[in-house]
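Participant: Need coordinates for the following:
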Amino acid sequence: MRPKLEDVAKEANVSKTTVSRVLNNRGYLSQETIKKVNEAIKKLNYQPNVVARQLFNKKTNIIGLIFPTVANPFFGELIEALEQKLYAAGYKVLIGSSMNNPQKEADFLNQLLSEQVDGLIVGTHNQGIQEYRSENLPVVSIDRVMNKDIPVIESDNYAGGVLATKRLIESGAKNILHTNGPIKLETPAKRRREAYEDTMREFGLEPQTIVLDFNISYLEKREIFEKMFTDYPEVEGIFASNDIDAALILQVAKKLGKNVPKDLLVVGYDGTKMTRSILPELTTIVQPINEIAETAIQVLQQRINKEMTEDEYILPVSLYKGETGSFE
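Facilitator: Numbering: from 1, shown residues only. Here you go, the predicted structure:
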């Protein structure tokens, strides 16, 4: 009887999906696994079904999206824009929320590989996941440094940091704090911190950054902000690295009896339509979500077609003035 794919999988002690990936050279596999499968193929004299392989290698028109969460307004609006534009381009979309968990991200990535997606658009913090290293898997990153060979689409974080900090300084604030993620994290968003610190020094002011972990709870973050006001009682302005933090800072400030913008100025970052709708008074830096989505899809299609792409694509930001960024 002619051996089947499942016979090879059993002999190599791997899944049928793994055997298919070895046969079609798709996705990341260890050299040990590839060797085991090839040895099983040779031992059983397995002959792959040519028609099946042609079907396997055919485009599926499925794109995978992996982001930390859909609850964050920025990611929510970005994913919505990506899905609409991909649908218009003839693609179906599979969405995964990693919740900043590397294992969950790796599991979902393997699931996407088994579905034979044509490419991935990712916006997660996790680095070094081996599956992203496959030369056969077109990947584009949004505002995250994944691996050195994956192009990054981002807003001009440095220019945004300068805009936010100058807005506070030119409005009269001198004691200005900034909230940002861990400095060791390889993400373009850390340029917001660099811009803040450079701008503060340019004006002869002392920068002070409050470092926040991405995985802490809402209550933990609230406690940090309450302590921030205790540790820096003379604070006049705060540049928050995202609008969610800015909104929480406004809540904490109100609880502590501070009047914004009479006593304290606050500038956020992201400027989603939802935030500007429910918190129109917040001064913030607006990321061009629509343009980010369009560029990410364009670059991914270039990668799928084996065309050359740049390492980095930086898109301009703008200032939404609101009311919280200038003293009354």
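Participant: can we go C-alpha only for contacts and neighbour counts from here?
Facilitator: Will do.
Participant: What segments of the stretch 201-328 of the chain are helices?
Facilitator: In chain order, the stretch 201-328 of the chain shows helices spanning 218-231, 243-255, 273-278, 289-304, with DSSP state H, counting those that start in this stretch as the criterion.
Participant: One more: the stretch 1-150 of the chain?
Facilitator: Using DSSP H, counting those that start in this stretch, helices in the stretch 1-150 of the chain cover 5-12, 16-24, 31-44, 50-57, 73-88, 102-114.
Participant: Tell me which of those lies nearest to residue 259.
Facilitator: Closest approach to residue 259 among those is made by helix 73-88 (25.7 Å; C-alpha to C-alpha).
Participant: tell me the mean pLDDT for the closest one?
Facilitator: Averaging pLDDT along helix 73-88 yields 95.
Participant: show me where pLDDT drops low in the stretch 51-200 of the chain?
Facilitator: Low-confidence segments of the stretch 51-200 of the chain, defined by pLDDT under 70: 51-58, 99-101, 113-115, 125-136.
Participant: Next one: the spatially most central residue of the chain relative to residue 110, how far apart?
Facilitator: When the chain is reduced to its mean C-alpha position, the closest residue under C-alpha atoms, centre = their mean turns out to be residue 123, at 2.2 Å. Distance, residue 123 to residue 110, using C-alpha to C-alpha, to the nearest Å: 17 Å.
Participant: Repeat that for residue 162.
Facilitator: Residue 162 sits 40 Å away from residue 110, taking C-alpha to C-alpha as the criterion.
Participant: Which segments of this protein make up each domain?
Facilitator: Dividing the chain into domains by automatic domain parsing, as the record does, gives the ranges 5-54, 62-154+289-315, 157-288.
Participant: what's the closest of those to residue 321?
Facilitator: Smallest distance to residue 321 across the domains of the chain (C-alpha to C-alpha): 4.8 Å, for domain 157-288.
Participant: Just list the residues touching residue 148, thanks.
Facilitator: Shown in contact with residue 148 (C-alpha atoms under 8 Å, 6 or more residues apart in numbering): residue 311.
Participant: circling back to that earlier point, out of the helices of the stretch 201-328 of the chain, which is closest to residue 264?
Facilitator: Distance to residue 264, taken as C-alpha to C-alpha, is lowest for helix 243-255 among those, at 8.3 Å.
Participant: Name the residues of the closest one that come out as buried.
Facilitator: Going by neighbour count (16 or more other C-alpha atoms under 10 Å), the buried part of helix 243-255 is 243, 244, 245, 246, 247, 248, 249, 250, 252, 253.
Participant: got a markdown table for the residues you listed, with pLDDT and distance to residue 182 too?
Facilitator: Converted to a markdown table, these look like this (pLDDT from 0 to 100; distance: C-alpha to C-alpha, whole Å):
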| residue | pLDDT | distance to residue 182 |
| --- | --- | --- |
| 243 | 96 | 18 |
| 244 | 94 | 17 |
| 245 | 95 | 15 |
| 246 | 97 | 18 |
| 247 | 96 | 20 |
| 248 | 96 | 19 |
| 249 | 97 | 19 |
| 250 | 97 | 22 |
| 252 | 97 | 22 |
| 253 | 97 | 24 |
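Participant: what's the closest of those to residue 3?
Facilitator: Where the buried residues of helix 243-255 are concerned, and distances follow C-alpha to C-alpha, residue 3 has its nearest neighbour in residue 244, at 57.3 Å.
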